[in-house]
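In: Everything below, folded, please.
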Amino acid sequence: MKLPFILSLFILFTTLLLEAQESSYSNSVETMLNDDGKLGIGGYGEVHYNQPLVSEQKETGTADLHRMVMFLGYNFTKNTQFVSEIEFEFAKELWVEQAFLQHKISKHINLRAGLMLVPMGIINEYHEPVTFNGVERPLIDNRISLSTWREIGVGFSGNVLPVSMKYQLYVMNGLNGYDTKGMFTGAAGLREGRQKGSKAYVHSPSFSGKIEYYGIKSLNVGISGYLGKSQSKLFNKLHNDSIQMIARADSSVIGISMLGVDARYQINALELRGQFYINSFSNTLQYNKFTAVSGKNNDLGKSMIGYYFEAGYNIFRHIKETSQQLVPFVRYEYYNTHHSVDEETALNKSFENQIITTGITYKLNKNAVIKADLQFAKSASATEYKKVFNTGIGVMF
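Out: Numbers count the residues shown, from 1 in each chain. Here you go, the predicted model:
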């Protein structure tokens, strides 16, 4: 019943308006690539406070400089550009999140190569804190998609303005499924398999792509996909005639197919957005046996599903004297990393979760925001919701 419900929401999105208009959604990278200057500098940051709320029990909260990010780019010519994103997380971890070269081949075709974001869903590409409601990013973008997911690859991107379409298509290194142990589980899904461009190993390529349509006023609809096999170090220096060793290495690999649909829509003060993901895997029975720990099989599911629907209303929309925004919102999320399992894996109801987040986003301007929300989360095996109060600030420049 849940799948028809969420698909009907996306159908509703796409039938609301018929007036064509160019998309109004952009992120830091797109802004930098459209800049005519030589050197581009930008960034974003966010500070969070998370306080679990438990009846009849005290809980310590967590205050965290969650992210501080710097963008550096350079336009060699009007057709050849470089973009990089350097991120500090939790005030101590340093990562390069993007570093790619773009060359404009024609009006509608750009060649891209380097460390790039995998174009799945909304948040993986639009994750600056002023671009979404809620202190924390939606949970399905952590459990089902893999925000922030970046890999090294090469491919093409561009806008086809006559049909109001944006596209991306890349060949990339795949996810790390087996290093010295299995990296995928029922609880964490595929998240631990991100190689992040850090000495990533490859024995077979993966493919990712996204098409976005923005020909209806204030509406942006995207369809994204990912296809490939997980990577395994057991293929390193493996002789082609080693039938037994090849069979062993094959057991450490799963096939991965991911499909995502997302939509963003705004009509006057009303703001709507939603995402839907379904991931399916092959060879999970062999993988779970091969990656068993202490004689107990792994529990990676055969498929995962997740979606959310969110509505917000800008109370300040009709005040002409201000550019500030005050947006109360509510978001319903559902995800299940055990949507289906192989015949030897027990269905774990704790992997099926629903989350309700309600709060307020106060934008001082388009680049500075104060947020607060209350989040209720419950698994199918639990009897009560876990409650967390979150608040924080975010900037983008």
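In: those strands in the stretch 201-350 of the chain, which residues are they?
Out: Secondary structure of the stretch 201-350 of the chain by DSSP state E, counting those that start in this stretch: the strands cover 206-216, 219-229, 231-232, 255-267, 270-282, 303-313, 325-340.
In: Arrange the ones you listed in a markdown table, one row each, with distance to residue 196 as further columns.
Out: To be clear about C-beta, it is placed using only N, CA and C from the backbone, and glycine gets the same treatment. Formatted as a markdown table, those follow (distance: least, C-beta to C-beta, whole Å):
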| stretch | distance to residue 196 |
| --- | --- |
| strand 206-216 | 14 |
| strand 219-229 | 16 |
| strand 231-232 | 13 |
| strand 255-267 | 17 |
| strand 270-282 | 19 |
| strand 303-313 | 21 |
| strand 325-340 | 21 |
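In: Turn the ones you listed into CSV, including mean neighbour count.
Out: Formatted as CSV, the strands of the stretch 201-350 of the chain follow (neighbours: other C-beta atoms under 10 Å):
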stretch, mean neighbour count
strand 206-216, 20
strand 219-229, 20
strand 231-232, 26
strand 255-267, 20
strand 270-282, 20
strand 303-313, 21
strand 325-340, 20
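In: And the ones you listed: which comes nearest residue 156?
Out: For residue 156, the closest of the strands of the stretch 201-350 of the chain is strand 206-216, at 9.4 Å, according to C-beta to C-beta.
In: My read is that residue 130 contacts residue 371, right?
Out: No. Using C-beta atoms under 8 Å, residue 130 makes no contact with residue 371, being 9.7 Å away.
In: anything in contact with each of those two?
Out: residue 394 (C-beta atoms under 8 Å, 6 or more residues apart in numbering).
In: Have a look at these two and say which one is more surrounded.
Out: The residue with more neighbours, out of residue 130 and residue 371, is residue 371; 25 against 21, by other C-beta atoms under 10 Å.
In: Neighbouring strands - and their directions - for the helix or strand hosting that one?
Out: Using DSSP states H and E, residue 371 sits within strand 368-379. When pairing is defined by DSSP bridges, strand 368-379 lines up against strand 352-365 (antiparallel), strand 386-396 (antiparallel).
In: So what touches that strand?
Out: By C-beta under 8 Å, 6+ apart, the list of residues contacting strand 368-379 from outside reads 129-130, 133-136, 139, 349-364, 384-396.
In: swap in stretch 37-53?
Out: By C-beta under 8 Å, 6+ apart, stretch 37-53 touches 28, 31-32, 59, 61-75, 83, 128-130, 135-136, 386-397.
In: quick one: average pLDDT of that stretch?
Out: Average pLDDT, stretch 37-53: 95.
In: Could I get the buried residue list for it?
Out: 40, 42, 43, 44, 45, 46, 47, 48, 49, 50 (16 or more other C-beta atoms under 10 Å).
In: could those be laid out in TSV, adding distance to residue 164 and secondary structure?
Out: TSV is the format used below for the buried residues of stretch 37-53 (distance: C-beta to C-beta, whole Å; DSSP: H, G, I helix; E, B strand; the rest coil):
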residue	distance to residue 164	secondary structure
40	26	strand
42	26	strand
43	30	strand
44	28	strand
45	33	strand
46	32	strand
47	37	strand
48	36	strand
49	41	strand
50	40	strand
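In: now residue 46, which residues is it bridged with?
Out: Applying DSSP bridges to residue 46, the residues it is bridged with are residue 67, residue 394.
In: ignore the last one, residue 224
Out: residue 210, residue 260.
In: Verify the contact between it and residue 119 for me.
Out: Yes. Counting by C-beta under 8 Å, residue 224 touches residue 119, with 5.6 Å between them.
In: Quickly list what's touching both of the two.
Out: Residues touching both residue 224 and residue 119 by C-beta under 8 Å, 6+ apart: 208, 209, 210.
In: For the second one, which residues are in contact?
Out: Contacts for residue 209 were tallied using C-beta under 8 Å, 6+ apart; they are 119, 155, 167, 168, 169, 170, 224, 225.
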